[in-house]
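Asker: Sequence first, predicted model second:
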Amino acid sequence: MPAFVKFWGTRGSIPTPALWTRVYGGNTSCVEIRMDDTLFICDAGSGIRELGKDLLTRNPVPNELHLFLTHTHWDHIQGFPFFVPAYRAATRMRIYGPAAGDDSRYQLLSGQMASDYFPVAFGEMGAKITPEFLTGGEKKINGVRVRSFPLNHPGSCCGYIFEKGGVKIVYATDNELPIQSGDRFPDLQHTGGLRQMPASLIEAVQDADLLITDAQYDDLQYVTKRGWGHSSCNSVTDLAIKAKVKNLALFHHDPESTDRDLDAKAVSCQKRAAKHNADVIVFCAREGVELKF
Ligand SMILES: [Zn+2]
Ligand SMILES: [Zn+2]
């Protein structure tokens, strides 16, 4: 089995536990990606707490962990102090930033455990935790090629590409795909053409077996949220179609979106793909779902 993906947190902005979010889940961003025996964790939102508990039940308990942070907004780091494997002496945890020598994400992640915020200091967690870098935006980790690429989001943010054995998985949140002049917007009935997309982004996600990406809004929600750093699901679907992505996971769900809203969003994007005769499978990422490639 070359690749395995599990969603541990799919919500954006803030944890949203509620009766009306119990299908898709209320935990913030955290995705587990395994390629053969190498375990990657994308973001440390509140979903990482459950992942940590699960890791301790595995046989053997994985000691080597690679954490990739897209950025350090709260919903992407807030679960880290509750990640139990970070308190085990046997754990060796590497935390990656996108550029050589730039350990600012590591500093911001550890800084949230200053005594005014949390009772346990980062340095007292017990695991061996080190900052790592993707020199030149790329690194080989146990035969997995990992690359980073920039995303359009307030502050510094990047996505990550994981490739091994012909399988390509892309994790790209948070990201705003702006509406360009000439694009039909809003396009509730999907009667417009595919929206314009940056060539560099198409290239980054080209032919991915799975693209997990920010689709926080639908077109109607995006009308009032332009410039907030998140995308409409219609734009994201167009990106996937243009790049011939095979599976598209709509991710970073808005805290205001109910399970019913998300069901409707997935159906709408599936219609959009069908209107453009695209083969891409579109679905809303759901906490607890596992995928194999
Ligand atoms: Zn976020
Ligand atoms: Zn953010």
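Answerer: Received it, and whenever you're ready, just let me know what you need. Ligands and ions are numbered 1, 2, ... in the order given.
Asker: before we move on, which element is Lys6 in?
Answerer: Remark: Lys6 resides in strand 3-9, with elements defined by DSSP states H and E.
Asker: From Leu109, how far out is the residue of the stretch 101-250 of the chain found nearest ligand 1?
Answerer: The nearest approach of the stretch 101-250 of the chain to ligand 1 comes at Asp174, 4.4 Å away (CB to the ion). Every C-beta, even on glycine, is put in place using the N, C-alpha and C of the backbone. Spatial separation of Asp174 from Leu109 under the definition CB to CB, to the nearest Å is 16 Å.
Asker: In terms of packing, which of these two has more residues around it?
Answerer: Neighbours were tallied for Asp174 and for Leu109 using other CB atoms under 10 Å; the higher tally belongs to Asp174 (29 against 23).
Asker: Could I get the pLDDT score of the more buried one?
Answerer: According to the predicted model, the pLDDT of Asp174 comes to 96.
Asker: which other helices and strands contact the worst-scoring helix or strand of the chain on mean pLDDT?
Answerer: Comparing every helix and strand of the chain by mean pLDDT, DSSP states H and E singles out helix 104-111 as the least confident one, with a mean of 90. Taking 3 or more CB pairs under 8 Å, 6 or more residues apart in numbering; DSSP states H and E as contact, the helices and strands that helix 104-111 lies on are strand 92-97.
Asker: can you pull the buried residues of the strand it packs on?
Answerer: Residues 93-97 are the ones in strand 92-97 that count as buried (16 or more other CB atoms under 10 Å).
Asker: what's the answer for stretch 32-45, then?
Answerer: In terms of neighbour count (16+ other CB under 10 Å), stretch 32-45 has its buried residues at 32-35, 38-45.
Asker: and it, average pLDDT?
Answerer: 97.
Asker: So that stretch, near ligand 2 or not?
Answerer: No: with CB under 5 Å from the ion as the threshold, stretch 32-45 lies outside contact range of ligand 2, at a closest distance of 9.9 Å.
Asker: does that stretch come close to ligand 1?
Answerer: No: no part of stretch 32-45 sits close enough to ligand 1 to count as contact by CB under 5 Å from the ion; the gap is at least 7.6 Å.
Asker: Can you get me the start-to-end distance on that stretch?
Answerer: Start and end residues of stretch 32-45 are separated by 12 Å (CA to CA, to the nearest Å).
Asker: Beyond the least confident helix or strand of the chain, next helix or strand please.
Answerer: Stepping forward along the backbone from helix 104-111, the first helix or strand reached (DSSP H and E) is strand 128-133.
Asker: Would you mark the buried spots in that following strand?
Answerer: Of the residues in strand 128-133, those buried by neighbour count under the rule 16+ other CB under 10 Å are 129, 131-133.
Asker: Can you pull out the low-pLDDT segments for the chain?
Answerer: The model of the chain has pLDDT under 70 over residues 1, 100.
Asker: 80 instead, please
Answerer: Within the chain, the stretches falling below the threshold (pLDDT under 80) are 1, 97-102.
Asker: so which two of the buried residues of strand 128-133 are the farthest from each other?
Answerer: The span of the buried residues of strand 128-133, defined through CB to CB, is set by Ile129 and Phe133 at 14.7 Å.
Asker: Which parts of the stretch 151-293 of the chain are strands?
Answerer: In the stretch 151-293 of the chain, the segments counted as strands under DSSP state E, counting those that start in this stretch are 158-164, 167-172, 210-214, 247-251, 281-284, 290-292.
Asker: If you count neighbours, what's buried in the second one?
Answerer: Of the residues in strand 167-172, those scored as buried under the neighbour-count criterion (16+ other CB under 10 Å) are 167-172.
Asker: Can you lay out those as TSV showing distance to ligand 1?
Answerer: Formatted as TSV, the buried residues of strand 167-172 follow (distance: CB to the ion, whole Å):
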residue	distance to ligand 1
Val167	26
Lys168	23
Ile169	19
Val170	17
Tyr171	12
Ala172	12
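Asker: list the contacts for Lys164?
Answerer: 2-3, 35-36, 143-145 (CB atoms under 8 Å, 6 or more residues apart in numbering).
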